[in-house]
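> Test case, fold it:
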Amino acid sequence: MVRLAVRLHLQSFLWSSVVAVMCAGCQELFTTLYIGCLGLIFSSFLMYLAEKERNPGMFGTYADALWWGVVSNTVTFVVFILRYTRLAYT
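I've put the predicted structure just below:
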């Protein structure tokens, strides 16, 4: 029972620390997300313009190009995290 209480206390301390850091850097976080969304929209539009003639099955509409951008960024992010954590803990 004491172990559970200590674990819960440590987890609540961890989450409160995460929230405190996020609140302290709230403006930077929103600015980063805003720039990231603009980059996603712009790069998807460029891919749509470049590939709509050659590959209409995959880039037939702008929504398809935007979906491609979201999936590509998500996969890149996950691969980066997996490589970083593997390097950090080996």
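
> Pop out the phi and psi values for Gly57.
Backbone geometry at Gly57, expressed as degrees, to the nearest 10, gives phi -70, psi -40.

> again but with Ile41, I slipped
Main-chain dihedrals, Ile41, degrees, to the nearest 10: phi -60, psi -40.

> Leu66 is in contact with that one, correct?
Yes: with contact defined as CB atoms under 8 Å, Ile41 reaches Leu66; the gap is 7.3 Å. For the C-beta atoms, the positions are set from N, CA and C on the backbone; glycine is no exception.

> what about the two, which has more around it?
A side-by-side neighbour count of Ile41 and Leu66, using other CB atoms under 10 Å, places Leu66 first with 17 against 14.

> element containing the more buried one?
For Leu66, the host element (DSSP states H and E) is helix 62-88.

> Relative to the whole chain's centre, how far out is the helix or strand harbouring Ala50?
In the assignment (DSSP H and E), Ala50 maps to helix 26-51. Here the centre of helix 26-51 is set off from its chain's centre by 12 Å, with CA atoms, centre = their mean, to the nearest Å.

> List the buried residues of it.
43-44, 47-48, 51 (16 or more other CB atoms under 10 Å).

> could you give the angle of that helix to helix 62-88?
On the basis of axes from the mean of the first three to the mean of the last three CA atoms, to 10 degrees, helix 26-51 is oriented at 120 degrees to helix 62-88.

> Now do helix 26-51: which elements does it pack against?
In terms of contacts (3 or more CB pairs under 8 Å, 6 or more residues apart in numbering; DSSP states H and E), helix 26-51 is packed against helix 62-88.

> pLDDT of the helix it packs on, averaged?
If you average the pLDDT over helix 62-88, you get 86.

> Return the set of buried residues in that helix.
Neighbour-count burial for helix 62-88 [16+ other CB under 10 Å]: 64-66, 68-69.
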